[in-house]
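Asker: Mind looking at a prediction? Sequence and model below.
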Amino acid sequence: GATVWPGSIILLKYLEKLAHDPQQQNVLLGKVIADLGSGTAITSLASALLGARLVFCTDGCDPVVDLARQNIHSANLELTNTDESLKGTSIEKE
């Protein structure tokens with residue numbers, strides 16, 4: 001839940017590489033991303049900041065979802081929807 005796992009850091013570096021690869025178009029640009037078990041929302045944030053249009057982040061633990069919301073707010077990204085039944089939130093860029 002509230003831990004940034006080493007696998008998350010590896011995924012972040014991979015997403016960054018894909019987004020900034022001069023050999024190809026940014027694969028995240030304009031995409032809709034589902035981050036299941038998003039925990040701190042670090043990979044959700046990275047996806048949004050690297051060009052995703054909409055990111056759904058979910059987690060099964062209410063305090064962790066609250067932490068994800070705080071992290072999204074701290075990154076100056078807009079929460080567009082909070083669905084308590086899914087214990088999740090979404091980030092949408094205009």
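Answerer: Everything's here; your move.
Asker: element containing Lys13?
Answerer: Element membership of Lys13, judged by DSSP states H and E, is helix 6-19.
Asker: List the buried residues of that helix.
Answerer: 8, 11-12, 15, 19 (16 or more other Cβ atoms under 10 Å). Just so you know, the C-beta spots here come from the backbone N, C-alpha and C atoms, and that holds for glycine as well.
Asker: And stretch 52-68, by the same measure?
Answerer: 52-59, 64-65, 67-68.
Asker: follow-up on the earlier one: pick the one among the buried residues of helix 6-19 closest to Ile42.
Answerer: Comparing the buried residues of helix 6-19 against Ile42 with Cβ to Cβ places Ser8 closest, at 5.6 Å.
Asker: Confirm for me that the closest one is in contact with Thr43.
Answerer: Yes: if you go by Cβ atoms under 8 Å, Ser8 and Thr43 touch, sitting 5.8 Å apart.
Asker: how about the strands in this structure?
Answerer: Using DSSP state E, the strands found in the chain span residues 32-35, 54-58, 79-83, 88-92.
Asker: The shortest one: partners in the sheet, and parallel or antiparallel?
Answerer: Read it as strand 32-35. Paired neighbours of strand 32-35 in the sheet (DSSP bridges): strand 54-58 (parallel).
Asker: average pLDDT across the partner strand?
Answerer: The average pLDDT for strand 54-58 rounds to 89.
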